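A.B. asks: after the sequence you'll find the predicted model.
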Amino acid sequence: MPPFAFSAQITDDQLRIALNVFLRGQYRLIRIMGVALIVLSVVPLALGDVIFGVMAMLLGLVMISVAPALNTWVVLRKIRDQLARPTEYRIDEDGAWISNDLAESTFRWPGVDRLEEAPGMLIARVGKAGFFAIPTGGLPLTTASALTAFVRSQVPAQR
């Protein structure tokens, strides 16, 4: 059935979900470090350094609860103007072509490391530093299903 060609505008919620999926590993590491800080804050507390112990505990709590959401918010603010606009998509055997009035990108399937699905979109990782999202929620159900199956078939085995 390829090529698939359509227009869509990714929403802020979709961008937020895509960022959280893409940054999941980093956020997990930040949360683990936060837990470690909380656990280690017991040492200065036991030695009588209440201020340092409480500060370490509070920093750990911030790392667990606030840092990931704050980072997503900051990154979303920076990329929203580039990505949350009417965009043309063309998906075929060669890859994904994505274009809007500010930018144009082509992603070849061999460069896609992983494909993840979220409600109404596909999230493709490109190396360790990039991703692109393909919104499928506005497509007819049969087209969205065919597109998802096609993209899955094009992405090399998960690395």
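C.D. replies: Perfect, I can see it now.
A.B. asks: who are the neighbours in contact with the residue lying closest to D101 once chain neighbours are set aside?
C.D. replies: If you skip the residues right next to it in sequence, D101 has R85 as its closest partner in space, 6.7 Å away by CB to CB, 6 or more residues apart in numbering. For glycine as for every other residue, the C-beta is placed from the backbone atoms N, C-alpha and C. Neighbouring residues of R85 by CB atoms under 8 Å, 6 or more residues apart in numbering: 9, 100-102.
A.B. asks: can you flag the buried ones in the residues you listed?
C.D. replies: Buried by 16 or more other CB atoms under 10 Å: N100, out of the contacts of R85.
A.B. asks: need the contacts of R85 in a markdown table (columns: secondary structure and distance to A36).
C.D. replies: Listed next are the contacts of R85 as a markdown table, based on DSSP: H, G, I helix; E, B strand; the rest coil; distance: CB to CB, whole Å:
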| residue | secondary structure | distance to A36 |
| --- | --- | --- |
| Q9 | coil | 41 |
| N100 | coil | 42 |
| D101 | coil | 46 |
| L102 | coil | 41 |
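A.B. asks: so which of the contacts of R85 is the closest to P68?
C.D. replies: Q9 (25.7 Å; CB to CB).
A.B. asks: neighbours of the closest residue to the closest one other than its chain neighbours, how many?
C.D. replies: With CB to CB, 6+ apart as the criterion, Q9 has its nearest non-adjacent residue at 5.1 Å, and that residue is P86. By other CB atoms under 10 Å, 10 other residues sit near P86.
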